[in-house]
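Novice: compute the structure for the input listed below.
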Amino acid sequence: MFISLQELELHEVNFDEEFRPEAIDLGNESRAQSPIHSRGRATLIEEHHGKHNSLKDIRLVGELSATVELNCARCLETVVRDITRSFDLLYRPLGSDAGREEVTVTQAEAEIGYYQGDGLLLEDVLREQILLAVPLKVVCREDCKGLCPGCGSNLNHEGCICAEPLPEPRWEALKDIKNSLKQ
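Specialist: This next block holds a predicted model:
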């Protein structure tokens, strides 16, 4: 759904959209398992900077819900997470802050996004919000044993088929020192 500046200049835009799981690309690390639902409203906020300069910011207030598949960071099994997130976002025209000298960014300014052209795609906003809601590392369960570093077996389902753990080469020098001290 494209949120157009021309339409926002006339009236606020209410949305209640559902996107197919494959409609929003979440990258290689995660996949939407169910439709992504979002509802809310978009409004135009005009910011005046001086007598002749004004910015047209887009404010989006809403919520989203989705079910996302992720891979366990230890064993690579599929983990399913439900995501529900509210958002209150402000988007400013790309390049509107260019040319200013370098200043410290306030917390409020860190929350500003940018749009290019005549508006923004709701799909891009939802993608960003879902990726922010997903943890960097997810585990299938707290006691996940992960994969065997030697043979790659999932240690949650089967025992390791490696005969003996491989010696760690970084410790070999210390082992040699220990043996020389025993003599």
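Novice: and the helices in this protein?
Specialist: For the chain, applying DSSP state H gives helices covering 5-10, 107-110, 122-133, 172-182.
Novice: so for the shortest one, mean pLDDT?
Specialist: Looking at helix 107-110 alone, the average pLDDT works out to 58.
Novice: try the third one
Specialist: Here helix 122-133 scores 93 as its mean pLDDT.
Novice: pull the contacting residues for the residue positioned nearest the centre of the chain.
Specialist: By C-alpha atoms, centre = their mean, the chain has its centre lying nearest to L131, at 1.9 Å. Contacts for L131 (C-beta atoms under 8 Å, 6 or more residues apart in numbering) come out as L26, G27, S30. Heads up, the C-betas are built off the backbone N, CA and C, glycines and all.
Novice: buried residues in the lengthiest strand in the chain, which are they?
Specialist: Longest strand in the chain, counting residues (DSSP state E): strand 54-71. Buried residues in strand 54-71, defined by neighbour count with 16 or more other C-beta atoms under 10 Å: K56, D57, I58, L60, G62, L64, A66, V68, E69, L70, N71.
Novice: what are the pairing partners of it, and which direction each?
Specialist: Paired strands of strand 54-71, with direction, are strand 30-32 (antiparallel), strand 36-48 (antiparallel), strand 78-93 (antiparallel) (DSSP bridges).
Novice: chain center to the shortest one: distance?
Specialist: Read that as strand 30-32. 11 Å (C-alpha atoms, centre = their mean, to the nearest Å).
Novice: mean confidence for that strand?
Specialist: pLDDT averaged over strand 30-32 gives 91.
Novice: who touches it?
Specialist: P21, E22, I24, L26, A66, T67, V68, E69, L70, I130, L131, V134.
Novice: 10 Å - rerun?
Specialist: 19-26, 66-71, 78-79, 81, 83, 126-127, 130-131, 134, 138 (C-beta atoms under 10 Å, 6 or more residues apart in numbering).
Novice: now the buried members of these.
Specialist: Applying 16+ other C-beta under 10 Å to the contacts of strand 30-32 flags 19, 21, 24, 26, 66, 68-71, 79, 83, 126-127, 130, 134, 138 as buried.
Novice: on that earlier part again, pick the most buried one from the strands paired with strand 54-71.
Specialist: Ranked by mean neighbour count, those are led by strand 30-32 with a mean of 19 (mean count of other C-beta atoms under 10 Å).
Novice: before we move on, back to that, possible to save the helices of the chain as a markdown table with distance to R41?
Specialist: Below are the helices of the chain laid out as a markdown table (distance: least, C-beta to C-beta, whole Å):
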| stretch | distance to R41 |
| --- | --- |
| helix 5-10 | 10 |
| helix 107-110 | 21 |
| helix 122-133 | 11 |
| helix 172-182 | 64 |
